[in-house]
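Chemist: pasted the sequence and its predicted model underneath.
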Amino acid sequence: MSQFSFDVRNGVAWVTFDSGGMNTLAVATIADLKSLIAALHVAHRQTPLTGVILQGNKFGLGAGANINELLQGGRAELESLIDEGNTQLFAIEEGPFPWVVLLDGIALGGIYELALACHAIVATERSAVGFPEIRLNIFPGLGGTQRLPRRTGLLNAEDPVGGDAAITAILQGKNFPAHKAAALKMIDAVIPAGEDPAAFAERFVRETMPTLRRPTPPDLANAEALRPMVLPTVQKATMGRPNPRAPYVALDVMLKGAALPLRDAIKLERDAFIDVAASPEGKAGMRFFFTTQKVQKLPKDFPGKARELKKIGVDGIDGFMGNAIGWLALEAGYQVVGHVPMTQFAASVPDKLKAKYARAVQRGAMTQAQADAKVASVTVATDIAALGDCDLVVEARMENREIKAAFYRALGKVMKPDGLVASNSSSMGPAILTPYLAETGGHPANFLNLHFFSPAEHPAMQLVEVVRGERTTWDAVATAHSFVRKINKTPVLLRDGSAGFLVNAGLASYFQAADDLYREGTPIAVVDEAMRQRVFPMGPFELADQAGVDIAAGMFDTMAAEQAPARPPLVWQLRDVKRFGVKAGAGFYDYEKGKKQGEWAGLAGLVAGRGARVASADEIVERCVRALYATARGLCDRQIVDSEEECDLAFVLGIGFAMHLGGPIFYGKQHGWDR
C-alpha cells in the first residue's frame, strides 16, 4: 500500500503522506513518490492542475531519512537511494504545476529536503524544520546543502534571529520553530493562529504562487570569501581535529556548490555525501543515533512496569554529586527531600542549589524570586527518617564501603516497603550494598544502582548506568528507567557482576595502560596529548585530576577487592600523599587557581626503576584504547550490557570517547582486534 494518497478538488491535488507512524524517507517511500508523481501527471493531462498541496500525518511531514537503511547500506545501496531520490525531487521541482507543503508538525532532515524541492512551504505555529544530520556525522544528501542556501543565503548577519542561515542551520544541526524559520526564509509563511490551515494553503496556491519570486541571496556570488569566517568555528567544534569530517565536507560542498548550476551542485553534494555516509565514521554516527533512540524506551516485551514517583530523596545533597542529583529531580518537577549526614553542612545546601540557577537568572530565563521559590521547596533534613516515605532514595556518599554500609543499615529501618533505593556508587553494586539494607528490614528487590557521571547537572553528561541486581524486580528497573528519562538523562541498563560496572571498569583498564606507559618512560603530558588529539576530550592523567584522584583511587579499591591489580595504580600513591587533583591544587599536575602548571616534580619519585623509553602517539593510542576495548569486549561477552551498541554508547556518553570513532567495540573491530 502506497504511503501517498491524493484526491483532486477544484483543480488542486491534495496529497497526504502517511506511513502509519513517523514518516521517514526510505527506499519504499521514494518508489511510492515516483508512482505518485506519475499519477499526478496523468491527472494533470486530463484536467490541468492549479497546484499540489502536500501534507503529512499527525506528526507532521516527517523526521528525516530512514537511518537504519543508511546505516545498513553499502556504497552501491547509498548511490541508488540518492540517485533515485534526486530524480524524484527534480521531477517535483521542474514539473508543470507548483507544489506547496502544508506543514503541521515537523519536517526534518531528508523530509525537509523533500519540502525544499517543493515550490513553497506554509506552516502552522507548532511546526519546526531543520537538518539534524551533522549530529550523526553526516550532512544533508538530497539537495539540502544546495537548495537551502538558495533560499536563505549562506550567512546573514542582518537577519532577525541573530545570524543563522544555511551554513549555521546545517553545521549546527538545530531545529527552527515556525516563526524563526519564516524569518530566515526556511519556510514561506506561518499560518496565523485560529485560521484554517487547509483554507490558507489553498489560497496560497491560488493567489500567492502565481507571483511568488525569490531573489538570489547576494552572498552566493562570493561564497568562497566566507570560508575564513566559518572554518575557525568548525575547528573549535571538532577540538581542532580533522574528524569528524562531516562539518568540513559540508562547508566545502555548500561554498563550492553556490557557484554552480543547481544540478551540478547537487551532483557535487551527492558524491561527497556518499563518501562520508559510507565511511566508518559516518556509520559510527548513524549507529550512535540509532542506539540513543533505542535506549530511550524499554522494549515492548519488557517484563516490568514503571511505578509513579512523586517524592525523591537524596542522601548527601550537601555534596557535589548529591546536590546535582537533587537539582535534576527538582527541575523535573519532583518533590525533593535532601538528607545531610552531618548537621553542620545542612545550611550550605540552599546556596549550592541556588548557584545552579545563577546563569538562568543572569540571562533572564527566570527571576531570582522564582529560583528562590524552587530552592525553598526542597526539604533539607539531618534525620534519616525524613527519607522513609520517599518513592525513590538516591544515595550519593563518598566511595567508602563502611560509610555506605552505615547509611543502608539506617535506611532499612525507616524506608517504606515499596520505596525504590538506588546508590550512585561508581563501583559498588547491588551484590555489595543490598545485604546492608536487608540487615535492618530493607527490601533488596527494590534496590539498584543509578550511576551518574560528573558533573551530573551538565547537559553533556548524559549517561546514567542503571544496574540491576539478581533480586531487583523488573518493575524497579522500569521505574528507574522512567526516572532517568524524566530528568533528561540517557539510561543504559546493566547487570550487576562487574566491579566498576561498565564504563569505570573500562576506565580502570585505560588508566592502567597509561600508568604502564609512564612507568616505561613516556611523560604524562605526552600520553595526555596523544589521547586528547585522537580519542578523548582530555587525557587519562588530566581526567583523573579533574574527576578527583581520590575518587579514582576509591574505584580501584573496590575493584581490587575482587581482583588485585598487577601493580598498585598511581592514583593510590598520589592519594597517599594527599594529591587529590584539581580540587586540591595538586594531582598528577600542579595547579594554580585551577589552571594546570605542569607535571608534579615528585611524580617520578613514586615509580622505582622508571624507564626512559618514550612511546609514539600511535603506540599510546593503540595501547590505551586496546586495553579499554579488551575490558569492554569481555563485559559484552559476559552480558553485563545487552549489546555492543549500548556498550559503545555508554563510553561515548560517559567519558567522551569520540563519537566519530564509534566507541571501543566499534573502534576495535575497525582495527581488526576481534579477529
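Modeler: Okay, I see it.
Chemist: switch to C-alpha atoms for all contacts and neighbour counts from now on
Modeler: Noted.
Chemist: which residues does T29 contact?
Modeler: Each residue near T29 by C-alpha atoms under 8 Å, 6 or more residues apart in numbering is listed here: Q3.
Chemist: for the stretch 351-500 of the chain, which segments count as strands?
Modeler: 379-381, 392-395, 420-423, 447-452, 463-468, 490-495 (DSSP state E, counting those that start in this stretch).
Chemist: would you mind listing the buried residues in the helix or strand bottoming out on mean pLDDT in the chain?
Modeler: The weakest-scoring helix or strand in the chain, judged by mean pLDDT, DSSP states H and E, is helix 549-562 (a mean of 85). Within helix 549-562, the residues that count as buried by 16 or more other C-alpha atoms under 10 Å are V549, D550, I551, A552, A553, G554, M555, F556, D557, T558, M559.
Chemist: can you name every helix or strand that it contacts?
Modeler: helix 570-576 (3 or more C-alpha pairs under 8 Å, 6 or more residues apart in numbering; DSSP states H and E).
Chemist: which secondary structure elements does the helix it packs on contact?
Modeler: helix 549-562.
Chemist: contact partners of the helix it packs on?
Modeler: 399-400, 426-428, 499-500, 504, 508, 544, 569, 571-572, 574-575, 579-581, 587.
Chemist: try 6 Å
Modeler: By C-alpha atoms under 6 Å, 6 or more residues apart in numbering, the list of residues contacting helix 549-562 from outside reads E399, S427, A499, V571, W572, R575, F580, G581.
Chemist: and those residues, which two are furthest apart?
Modeler: Comparing all pairs in the contacts of helix 549-562 by C-alpha to C-alpha, the longest separation belongs to A499 and G581, at 23.1 Å.
Chemist: who has more neighbours out of the two?
Modeler: When A499 and G581 are compared on other C-alpha atoms under 10 Å, the one with more neighbours turns out to be G581, at 28 against 22.
Chemist: check which residues of stretch 40-58 are buried.
Modeler: Applying 16+ other C-alpha under 10 Å to stretch 40-58 flags 40-41, 43-44, 49-57 as buried.
Chemist: narrow the residues you listed to those in helices?
Modeler: L40, H41, A43, H44 (DSSP state H).
Chemist: for the closest residue to the third one other than its chain neighbours, give me phi and psi.
Modeler: It refers to A43. Distances taken as C-alpha to C-alpha, 6 or more residues apart in numbering place L49 nearest to A43, at 7.7 Å, with adjacent residues excluded. Backbone torsions for L49, taken as degrees, to the nearest 10, come to phi -90, psi 140.
Chemist: would you agree L49 is in contact with N10?
Modeler: No. Between L49 and N10 there is no contact under C-alpha atoms under 6 Å: 8.7 Å.
Chemist: now the helices: where do they sit in the stretch 101-250 of the chain?
Modeler: Per DSSP state H, counting those that start in this stretch, the stretch 101-250 of the chain carries helices over the ranges 109-117, 144-152, 166-172, 178-183, 197-203, 227-237, 246-257.
Chemist: quick one, phi psi at P537?
Modeler: P537 has phi and psi values of phi -60, psi -30 when expressed as degrees, to the nearest 10.
Chemist: so for it, what pLDDT did the model give?
Modeler: Per-residue pLDDT puts P537 at 93.
Chemist: leaving out chain neighbours, which residue sits closest to it?
Modeler: Here the nearest residue to P537 in space, its sequence neighbours aside, is G656; by C-alpha to C-alpha, 6+ apart that works out to 6.3 Å.
Chemist: what is the neighbour count of the one you found?
Modeler: Neighbour count of G656, defined by other C-alpha under 10 Å: 17.
Chemist: what do you get for the one 10 residues further on?
Modeler: Using other C-alpha under 10 Å, F666 is surrounded by 23 other residues.
Chemist: helix, strand or coil for it?
Modeler: What DSSP: H, G, I helix; E, B strand; the rest coil gives for F666 is helix.
Chemist: off-centre distance for stretch 95-109?
Modeler: Its chain's C-alpha centre lies 29 Å from the corresponding centre of stretch 95-109 when counted by C-alpha atoms, centre = their mean, to the nearest Å.
Chemist: where does the stretch 51-200 of the chain have low pLDDT?
Modeler: Along the stretch 51-200 of the chain, the model assigns pLDDT under 70 to residues 157-164.
Chemist: switch the cut-off to 90
Modeler: Low-confidence segments of the stretch 51-200 of the chain, defined by pLDDT under 90: 155-166, 168, 174.
Chemist: and if you look at the stretch 301-450 of the chain?
Modeler: Across the stretch 301-450 of the chain, residues meeting the criterion (pLDDT under 90) sit at 359-360, 365, 398-400, 426-427.
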